[in-house]
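> sequence and predicted model, in that order:
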Amino acid sequence: NNNNNNNNNNNNIERIVLEFTGSISGIQYDRYGSVWIDGIELLRTTTPEPMGVDGEVISWTVERDVTEYASVLLMGGDGG
């Protein structure tokens, strides 16, 4: 039974971290994004405010502990 295997595997996981990295250039206000898996929102983000230099690339990285969703992450999804 797959569910039993996934539950057993969850016991061996100490931590799962989602790392999201983005970059933009130009003036970007209120650009929203999110990461969903199997109907669960794992991350919601917005772009940083522009630095005032036209053409400058702004990059950022967000890390979020998603260990509490281990059972869903290990099950996989339907790709939809």
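In hand now; what should we look at? Residues are numbered from 1 along each chain as shown.

> how about residue 69, phi and psi?
phi -100, psi 20 (degrees, to the nearest 10).

> any idea how many residues pack against it?
With neighbours defined by other CB atoms under 10 Å, the count for residue 69 comes to 15. No exception for glycine: its C-beta is placed from N, CA and C like everyone else's.

> spit out the contact partners of it.
16, 37, 40, 42 (CB atoms under 8 Å, 6 or more residues apart in numbering).

> how does it look with 10 Å?
Contacts here follow CB atoms under 10 Å, 6 or more residues apart in numbering; on that basis residue 69 touches 16, 18, 37-38, 40, 42.

> and what of residue 72?
Contacts were defined as CB under 10 Å, 6+ apart; by that measure residue 72 touches 6, 37-40, 42, 66.

> let's go with 7 Å and repeat that
37-38, 40 (CB atoms under 7 Å, 6 or more residues apart in numbering).

> quick revisit: now, the contacts of residue 69 that are in strands?
Residues from the contacts of residue 69 lying in strands, with DSSP state E as the criterion: 18, 37, 40, 42.

> about what we covered before: now the contacts of residue 69 as JSON lines including neighbour count, distance to residue 26 and pLDDT?
What follows is the contacts of residue 69, written out as JSON lines (neighbours: other CB atoms under 10 Å; distance: CB to CB, whole Å; pLDDT from 0 to 100):
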{"residue": "16", "neighbour count": "15", "distance to residue 26": "34", "pLDDT": "94"}
{"residue": "18", "neighbour count": "16", "distance to residue 26": "27", "pLDDT": "95"}
{"residue": "37", "neighbour count": "15", "distance to residue 26": "30", "pLDDT": "90"}
{"residue": "38", "neighbour count": "13", "distance to residue 26": "34", "pLDDT": "88"}
{"residue": "40", "neighbour count": "12", "distance to residue 26": "32", "pLDDT": "92"}
{"residue": "42", "neighbour count": "16", "distance to residue 26": "28", "pLDDT": "94"}
